[in-house]
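Asks: how does the following fold in three dimensions:
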Amino acid sequence: MKMMVINFLTLAGLLLLSPSCKKSQPNSFESSVSATVNGQAWHNSSCTSCIGGFTGIVLSYESNTVVLTAEMKTSSNDTFMDLVIKQVSGPGQYIISDSNYADFRTSSGIIIINYKTDVSHTGIVNITRFDTVNHIISGTFQFDGANQANSADVTHVTSGSFAVSYPLP
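Replies: Numbers count the residues shown, from 1 in each chain. I've put the predicted structure just below:
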């Protein structure tokens with residue numbers, strides 16, 4: 001009985017001392033994506049290594065292609081931002097239009113509006129850190145995306161930045 005009490009107190013003490021966002025690796029960091037969308041701040045950060053936590057940011061790097069998706073939820077809608085850049089081999093400037101592309105999606109209920117780059121609405125991604133040892137990619141971006149249902153409706157994404165870790169493929 002005394003041993004059960006000691007075990008219980010030890011477990012309770014460990015739970016009380018544990019942070020709510022427990023890192024699974026000592027080298028983990030908080031991923032983030034931010035930008036200004038039509039003059040309004042847009043930001044998402046997450047504990048990508050939190051045990052049981054939802055990140056809202058996903059980055060993959062396979063076959064020299066970077067795919068970054070970030071989500072921001074508010075009480076009235078959900079917004080998503082995607083960057084897809086092909087032929088990435090290191091830091092550098094990458095033009096986004098139709099092959100390499102970016103999009104910004106907004107959803108409120110069943111209505112989804114998708115603003116995407118194309119040959120007339122372009123942008124730039126500058127990858128400033130391309131760390132294949134620690135699996136971190138960071139940089140800046142900006143783009144104009146046209147509403148896929150009405151090309152005269154354009155969303156301007158400026159002052160974008162990202163610092164995201166990615167898992168092994």
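Asks: and for residue 95, the neighbour number?
Replies: For residue 95, the count of nearby residues is 13 (other C-beta atoms under 10 Å). The C-beta positions use only the backbone N, C-alpha and C, and glycine is treated the same way.
Asks: give me the beta-bridge partners of it?
Replies: For residue 95, the beta-bridge partners are residue 124 (DSSP bridges).
Asks: thought it was touching residue 126?
Replies: No: Residue 95 lies out of contact with residue 126 (C-beta atoms under 8 Å); the separation is 10.7 Å.
Asks: pLDDT weak spots in the chain?
Replies: For the chain, the stretches flagged by pLDDT under 70 are 1-29, 45-55, 169.
Asks: just the strands in it please.
Replies: Using DSSP state E, the strands of the chain run over 30-37, 40-47, 57-62, 65-73, 78-85, 92-96, 101-108, 111-116, 123-131, 136-147, 150-165.
Asks: packing partners for the fifth one?
Replies: Right, the one you point to is strand 78-85. Contacts defined by 3 or more C-beta pairs under 8 Å, 6 or more residues apart in numbering; DSSP states H and E place strand 78-85 against strand 30-37, strand 65-73, strand 92-96, strand 101-108, strand 123-131.
Asks: ditto for the shortest one
Replies: Other helices and strands packing on strand 92-96, by 3+ C-beta pairs under 8 Å, 6+ apart, are strand 78-85, strand 123-131.
Asks: for burial, what's the neighbour tally of residue 88?
Replies: With other C-beta under 10 Å as criterion, residue 88 counts 18.
Asks: same question, residue 159
Replies: By other C-beta under 10 Å, the residues close to residue 159 number 13.
Asks: again, but for residue 61
Replies: Number of residues near residue 61 (other C-beta under 10 Å) recorded here: 20.
Asks: partners of it in the sheet?
Replies: Going by DSSP bridges, residue 61 forms beta bridges with residue 66.
Asks: what's the distance between it and residue 147?
Replies: Distance from residue 61 to residue 147, counting by C-beta to C-beta, to the nearest Å: 29 Å.
Asks: how about residue 74?
Replies: In this view, residue 74 and residue 147 are 20 Å apart by C-beta to C-beta.
Asks: quick one, what contacts residue 79?
Replies: 37, 42, 71-72, 104-107 (C-beta atoms under 8 Å, 6 or more residues apart in numbering).
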